[in-house]
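Student: take a look and give me a structure for this.
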Amino acid sequence: GRSAAPRGSAAAGGSPAAGGSSASGGSSASGGSSASGGGSSTFGSSSAFGSSGASGGGSSASGGSGASGGSSASGGSSSSPWVNPESNVTEAIEANGKFFTMGSPQDEAGRSDNETQHTVTFSYNFLMGKYPVTQELYQVVMGSNPSPSPGGKEKHPVERVTWYDAIVFCNRLSMLEGLAPVYTINNSTDPSDWGPVPTSRDTAWDAVTADWVADGYRLPTEAEWEYACRAGTTTAYHTGDSVTGATGWYSCGSTQVVGQKAANNWDLYDMHGNVWEWVWDWYNVYSTVPGAGNNPRGPNTGTQRVRRGGSWSLAAQYMRSAFRNYADPFPNSNGLGSTGIGFRVVRTD
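Tutor: You can find the predicted model right below:
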């Protein structure tokens, strides 16, 4: 049911995935000050949408199916210009030299036991997508749309995206914009060299590496996601101690147009609900190793990847800023990504 604990959550009794040290780490924090953040958008419109996006960024690569990593850098036609949908907007997040308390206090309502509080610090700034990746943007970049009943839902977040799909998308979008791709598989940053996106666990894809100084698109780390979601707050939600139908999309039957609820303090929309959002990290309990909270990027190995933010099908407690969940990086037994899972992108600034 909609109010049931999602798969993989501590509330549902899911066991942690094997392997590695924590997704973030560090010792339990005193409540230090978090950063001010949220700059103006780096490109595109900062409004919740207009009509079509601006053209730009040169011409796209030759077409091909977005479902396959063996297709081109773009799903678009080679004769068509790259058109950057207006939903592709990023906000500047000031993080360099900042720290925040990640996790939740013992008395937070709905808390899971994998949310141990600890201090996280950053030594860089980053840009984060103002919205989760929309169906229109995914279609342009990948040449396909895995979402159920996609017709007329261009401004809805894409869903049924696997973690493997998401890293292909990131590198393709980077290539379209002339940026340095972040992810490498089998010594290549070009998804056309990676072969088809796996439909089951794949050792080579699980061994993907990230160039953390590249200027291309990538998934946020789990720590970056929570830092940006909180946007300087320390409460259960960036809206305070509770979230309502006016401030988040939950228990609402389906995905909704992005950008319709109030943004957080740093002008990021849909951080509570609408779709789960994949992050980079393998799942495990947070580490207590000294220094593990400095620019944390999660364990080196694992079996499931973390997702954050809750989704349209779940109850409000799963939208909390600190709530952690995880899932396999590959499709389910039906060959599809799970309903309600999408993602948003970041870039190192």
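Student: quick one: low-confidence parts of the protein?
Tutor: 1-82 (pLDDT under 70).
Student: and the closest residue to residue 212 other than its chain neighbours, what is it in contact with?
Tutor: In space, and not counting its chain neighbours, residue 212 is closest to residue 348: 6.4 Å by C-beta to C-beta, 6 or more residues apart in numbering. For every residue, glycine as well, the C-beta is placed using N, CA and C. For residue 348, the contacting residues are 124-127, 212-215, 218, by C-beta atoms under 8 Å, 6 or more residues apart in numbering.
Student: what of residue 268?
Tutor: 38, 91, 128-130, 228-229, 231.
Student: just the contacts of residue 348: which are in strands?
Tutor: Among the contacts of residue 348, DSSP state E puts 126-127, 218 in strands.
Student: which strands and helices sit next to the top helix by length along the chain?
Tutor: When the chain is parsed with DSSP state H, its longest helix is helix 163-176. Secondary-structure packing of helix 163-176 (3 or more C-beta pairs under 8 Å, 6 or more residues apart in numbering; DSSP states H and E): helix 135-142, strand 183-184, strand 217-218.
Student: partners of the last one in the sheet?
Tutor: What it means is strand 217-218. Sheet pairing for strand 217-218, assigned by DSSP bridges, gives strand 346-348 (antiparallel).
Student: where do the strands sit along the stretch 201-349 of the chain?
Tutor: Per DSSP state E, counting those that start in this stretch, the stretch 201-349 of the chain carries strands over the ranges 209-210, 217-218, 276-282, 305-308, 325-327, 341-343, 346-348.
Student: what does stretch 339-346 contact?
Tutor: 90, 126-129, 131-133, 148, 157-162, 166, 169-170, 173, 217-220, 224, 255, 274-278, 307, 311-314, 327.
Student: again, 7 Å this time
Tutor: 126-129, 131-133, 148, 157-161, 166, 170, 217-220, 224, 275-278, 307, 311-313, 327 (C-beta atoms under 7 Å, 6 or more residues apart in numbering).
Student: distance from that stretch to the middle of the chain?
Tutor: Its chain's C-alpha centre and that of stretch 339-346 lie 5 Å apart, by C-alpha atoms, centre = their mean, to the nearest Å.
Student: same check, this time on stretch 218-234
Tutor: 10 Å.
Student: now the angle between strand 276-282 and the longest helix of the chain, please.
Tutor: On the basis of axes from the mean of the first three to the mean of the last three C-alpha atoms, to 10 degrees, helix 163-176 is oriented at 90 degrees to strand 276-282.
Student: how distant is helix 163-176 from the center of its chain?
Tutor: Distance, stretch centre to chain centre, for helix 163-176: 12 Å (C-alpha atoms, centre = their mean).
Student: over to stretch 85-103?
Tutor: Centre-to-centre, stretch 85-103 and its host chain are 12 Å apart (C-alpha atoms, centre = their mean).
Student: show me where the stretch 51-200 of the chain has strands.
Tutor: Under DSSP E, counting those that start in this stretch, the stretch 51-200 of the chain gives strands at 55-59, 81-83, 90-93, 99-102, 118-121, 126-129, 183-184.
Student: need those strands in CSV with mean neighbour count, can you?
Tutor: Putting the strands of the stretch 51-200 of the chain into CSV (neighbours: other C-beta atoms under 10 Å) gives the following:
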stretch, mean neighbour count
strand 55-59, 13
strand 81-83, 16
strand 90-93, 24
strand 99-102, 23
strand 118-121, 22
strand 126-129, 24
strand 183-184, 22
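Student: and the nearest residue to residue 189 once chain neighbours are set aside, backbone torsions?
Tutor: Spatial nearest neighbour of residue 189, excluding adjacent residues (C-beta to C-beta, 6+ apart): residue 181 at 3.9 Å. As for residue 181, its main-chain torsions (degrees, to the nearest 10) stand at phi -60, psi 150.
Student: residues in contact with residue 181?
Tutor: Neighbouring residues of residue 181 by C-beta under 7 Å, 6+ apart: 171, 174-175, 189, 214, 216.
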